[in-house]
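**Q** Just to be clear, the model below is a prediction. Sequence and coordinates:
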Amino acid sequence: MRPAKITMAVALTVLMGLSTIGAPVAAQEVVADPRQPSPDNPHMHVYGSNDLANCFMHFDGNDTSGSAPEGYGEKEWTGNNARIEVDYTCRMESFKQDMYNSENGSISVHLEFEIDAADCQDTDAQCQNLTLTFFKGGFEVAQEEFLSVSLNGATNSVDWEIPIDRNMTRFNKSEEPQIQVQFSHPGTNDPFTGCAFFYCGGFFRMYYHTPGNGSAEIEFPVVNQTMPGSGDEDSGGLIGGVTDSVPGFGLLAGVGSLAMAAVAASRYSRDD
């Protein structure tokens, strides 16, 4: 073998050794973001302001920054002819990565409310029972109306199971989860004294997550991302999904190919 070929082979061998050492070390430096979903962190928690004006969600159950210290948001109405009405949306904060869900699982929603309002009359066109709507980005994927919610100020635990369908197996990072809360009922009235000796109006309260309780959370059946190359012919790796499943393996395989090419070239030169 010529000196130049020997030098090339040695250099390629050294580069292969560095690739097997450096790549795993770099991979170990990646730290999971507790605000983002993962199979080990599937619970999205609901937070918000004390007046329900700002409702937000993320996956860190210990980070309550920006949320009401009371642990709930509330709106109150007083007087005759008051309307107990809310319409707000809780949005996932800083959705930075795609989320993959098991096609055989379901999204479990658990929320708690306290509502003080009067029953609706048949002629009340504005009436709307407690209604939750789940969105994937701007796309509505499920809606549920809760008819059994009490209106006497007692705590209502609302549980909702949303089966995963083909539109929910993957949430792109631009398709953040959102949940809309709607309610519209008349407040209590006193037609005789005009509320002089009787409480009129009502309130609507929603509890937020606080560390140690699950009063406001949404659980996803999060699974690991399918490795590129497991069914995608355009994965771009030298040997399909293996290039992404093992850190540094793509570089190692590429350098190995170059080394084999150099050896083949040297043999071709000797044959000539």
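**A** Cool, the structure landed. Since the structure is predicted, the reported quantities are computational estimates derived from the model, not experimental observations.

**Q** which residues in this structure form helices?
**A** Taking DSSP state H, the helices of the chain run over residues 3-28, 242-245, 249-271.

**Q** worst average pLDDT in those helices?
**A** The stretch with the lowest mean pLDDT among those is helix 242-245, at a mean of 40.

**Q** do you know how far residue 100 is from residue 39?
**A** Using C-beta to C-beta, to the nearest Å, we find residue 100 at a distance of 9 Å from residue 39. Placement of C-beta: from N, CA and C, glycine included.

**Q** Check residue 171 too.
**A** 14 Å.

**Q** got it, and residue 188?
**A** In this structure, residue 188 and residue 39 are 47 Å apart, going by C-beta to C-beta.

**Q** Looking at the two, which one has more neighbours?
**A** Each of residue 188 and residue 39 has its neighbours counted (other C-beta atoms under 10 Å); residue 188 has more, 20 against 12.

**Q** beta partners of that one?
**A** Beta-bridge pairing for residue 188 (DSSP bridges): residue 201.

**Q** wait, isn't it in contact with residue 201?
**A** Yes. Using C-beta atoms under 8 Å, residue 188 makes contact with residue 201 at a distance of 6.7 Å.

**Q** still on that earlier bit, anything in contact with each of residue 100 and residue 39?
**A** 222-224 (C-beta atoms under 8 Å, 6 or more residues apart in numbering).

**Q** Next step: those residues restricted to strands.
**A** 222-223 (DSSP state E).

**Q** so which of the shared contacts of residue 100 and residue 39 comes closest to residue 147?
**A** residue 222 (31.0 Å; C-beta to C-beta).

**Q** And for the closest one, the neighbour number?
**A** 20.

**Q** cool, residue 187 as well?
**A** So residue 187, with other C-beta under 10 Å, has 23 neighbours.

**Q** Hmm, it is touching residue 204, no?
**A** No. When contacts are counted by C-beta under 8 Å, residue 187 is not listed as touching residue 204 (10.4 Å).

**Q** Report the set of residues contacting both of the two.
**A** Overlap of the contact sets of residue 187 and residue 204 (by C-beta under 8 Å, 6+ apart) consists of 84, 117.

**Q** how close does residue 215 get to residue 111?
**A** Per C-beta to C-beta, residue 215 is found 8 Å from residue 111.

**Q** Mind listing the shared neighbours of these two?
**A** Both residue 215 and residue 111 are contacted by residue 207, under the criterion C-beta under 8 Å, 6+ apart.

**Q** quick one, which of those two is more surrounded?
**A** Higher neighbour count among residue 215 and residue 111: residue 111, with 24 against 18, using other C-beta under 10 Å.

**Q** nearest spatial neighbour of the more buried one, skipping sequence neighbours?
**A** residue 158 (4.8 Å; C-beta to C-beta, 6 or more residues apart in numbering).

**Q** so what's the one you found up against?
**A** Contacts of residue 158 by C-beta under 8 Å, 6+ apart are 109-113, 130, 132, 146, 149.

**Q** switch to 7 Å and redo it
**A** By C-beta atoms under 7 Å, 6 or more residues apart in numbering, the contact list for residue 158 reads 111, 113, 146.

**Q** Ok, residue 150 next?
**A** residue 156 are the contacts of residue 150 under C-beta under 7 Å, 6+ apart.

**Q** Which pLDDT does the model give it?
**A** Note on residue 150: pLDDT of 96.

**Q** cool, residue 215 as well?
**A** 89.

**Q** you'd agree it is up against residue 112?
**A** Yes. Contact status for residue 215 versus residue 112: in contact at 4.8 Å, counting by C-beta atoms under 7 Å.

**Q** Common neighbours of these two, please.
**A** residue 207.

**Q** Quick one: mean pLDDT over stretch 90-106.
**A** For stretch 90-106, mean pLDDT is 94.

**Q** And the contacts of that stretch?
**A** Residues contacting stretch 90-106 (C-beta under 7 Å, 6+ apart): 33, 35-37, 44, 46, 48, 55-58, 161-164, 168-173, 176-179, 220-223, 225.

**Q** Let me see the ranges of the strands in the stretch 101-250 of the chain.
**A** 106-116, 128-136, 139-146, 152-163, 170-171, 177-186, 201-207, 217-219, 222-223 (DSSP state E, counting those that start in this stretch).
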